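>>> okay, sequence plus prediction incoming.
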Amino acid sequence: MRRAGITLAALLLIGAPVTVLAQSPSSSEPPSFEMAPGVTAQGLAFVGGSQEPAIVRLRFDPGASVDVEGSSEISLVTIDSGALTVSTNVDLTVYSASDPAAAGRNAPANTDNAIQAGEYFVVPPGAPGHLSNPGTAETVMSIANLPGPGADASASPGASAAPEGSGSPTGSAAPTSASSPAADGQQVAASETEFAITLASAPAGGPTTFNVKNDGTIDHEFVIVRTDLPEDQLPQANGEVIEDQLESLGEVEDVAPGTSKSFTVSLAPGHYVVFCNIPGHYPAGMHEEITVQ
Ligand SMILES: [Cu+2]
């Protein structure tokens, strides 16, 4: 798929497996994820129908740390409480909300920089970082992601700002078919959860309709590529499979929890891999292979 931007926020930029910590009983409250031991993240705002949050809040237990890979977006990082140690590969300018008249101070590249509550800074696209909580109290930080240069403008205009997942779990997921539904081909049910894909039957080849059901608690997608690579060794960057380097046959995106989408492809004999390409989901295990004889 053509994803406009990988959000630093999307947390999922980390290559590490992500596990769902909790799902709020309120369906309007996005679930929290554990990015690393002692570091949790929660999407606070979604725009443009994107399944990647525009604003993310991270919470660090004392001593906890996490590595994040570079994002294609510009990130405004604010320390809400506690303190944070930040190291990245570019110089940062740190501003203070409590002293708006003051000039920003420089936080040099490749150095552990202490950032305090009330301070904020901007991270340019592509800058990876190491974030840690040096203190003895929880650190809370918020990240707002803005499209970086070259971002796909179609990702955001005109959309409602309703958080995904807060809508009705039924009905609204119209099939986005890559080809016309084949009444006569094989129907293959696929279940997606955090973070696995399970196929109910093995495709035999020919016209094949994948009925993709999201049995999880967050959005997923379902992509099928033809490749000889093992299912867990597709080319990756920033927690995503680099689809441009693969032969993609089709996909469905934005499959909300509790909903289904379907699409039909024609499968010639060969080896295929299906996966979810929301950042972090593939490396966390959302892939399955198909061999058509
Ligand atoms: Cu997924």
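Perfect, I can see it now.
>>> the bottom helix or strand of this structure by mean pLDDT?
strand 19-22 (a mean of 43; mean pLDDT, DSSP states H and E).
>>> the helix or strand following that one packs against which elements?
Per DSSP states H and E, strand 19-22 leads on to strand 32-36 as the next helix or strand towards the C-terminus. For strand 32-36, the elements it packs on are strand 19-22, strand 39-45, strand 65-68, judged by 3 or more CB pairs under 8 Å, 6 or more residues apart in numbering; DSSP states H and E. C-beta: built from backbone N, CA, C; applies to glycine.
>>> those strands: lowest mean pLDDT?
Per-stretch averages of pLDDT across the helices and strands packed on strand 32-36 put strand 19-22 at the bottom, with a mean of 43.
>>> what about residue 204, how many residues nearby?
12 (other CB atoms under 10 Å).
>>> dump the residue contacts of it.
Neighbouring residues of residue 204 by CB atoms under 8 Å, 6 or more residues apart in numbering: 186, 292.
>>> tell me which element it is part of?
Here residue 204 sits in a region with no helix or strand, counting by DSSP H and E.
>>> what residues does the protein have near the ion?
220, 276, 278, 281, 286 (CB under 5 Å from the ion).
>>> nearest residue to the second one other than its sequence neighbours?
Spatial nearest neighbour of residue 276, excluding adjacent residues (CB to CB, 6 or more residues apart in numbering): residue 286 at 3.8 Å.
>>> doesn't residue 198 make contact with the one you found?
No - under the contact definition of CB atoms under 8 Å, residue 286 does not touch residue 198, with a separation of 10.3 Å.
>>> return every residue with contacts to both of these two.
Looking at what touches both residue 286 and residue 198 (by CB under 8 Å, 6+ apart), the common residues are residue 192.
>>> helix or strand right after the helix or strand hosting residue 80?
Element membership of residue 80 [criterion: DSSP H and E] is strand 74-81. Moving toward the C-terminus from strand 74-81, the first helix or strand encountered (DSSP H and E) is strand 83-88.
>>> which helices and strands sit right next to that next one?
Using 3+ CB pairs under 8 Å, 6+ apart as the contact definition, the elements that strand 83-88 packs against are strand 113-116, strand 129-132, strand 139-146.
>>> what residues does the first one touch?
The reference is to strand 113-116. Residues contacting strand 113-116 (CB under 8 Å, 6+ apart): 79, 83-87, 92, 94, 107, 121, 134.
>>> of the residues of the chain next to the ion, which is the nearest to residue 52?
Nearest to residue 52 among the residues of the chain next to the ion is residue 278, at 7.4 Å by CB to CB.
>>> hang on, the closest one is in a helix, isn't it?
No - with DSSP: H, G, I helix; E, B strand; the rest coil as the criterion, residue 278 is located in coil rather than a helix.
>>> which residues touch residue 59?
Residues 39-42, 138-140 are the ones in contact with residue 59 under the rule CB under 8 Å, 6+ apart.
>>> redo the residues you listed as CSV? Include neighbour count and distance to residue 266.
Putting the contacts of residue 59 into CSV (neighbours: other CB atoms under 10 Å; distance: CB to CB, whole Å) gives the following:
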residue, neighbour count, distance to residue 266
39, 23, 44
40, 20, 43
41, 27, 39
42, 20, 41
138, 15, 53
139, 26, 52
140, 17, 50
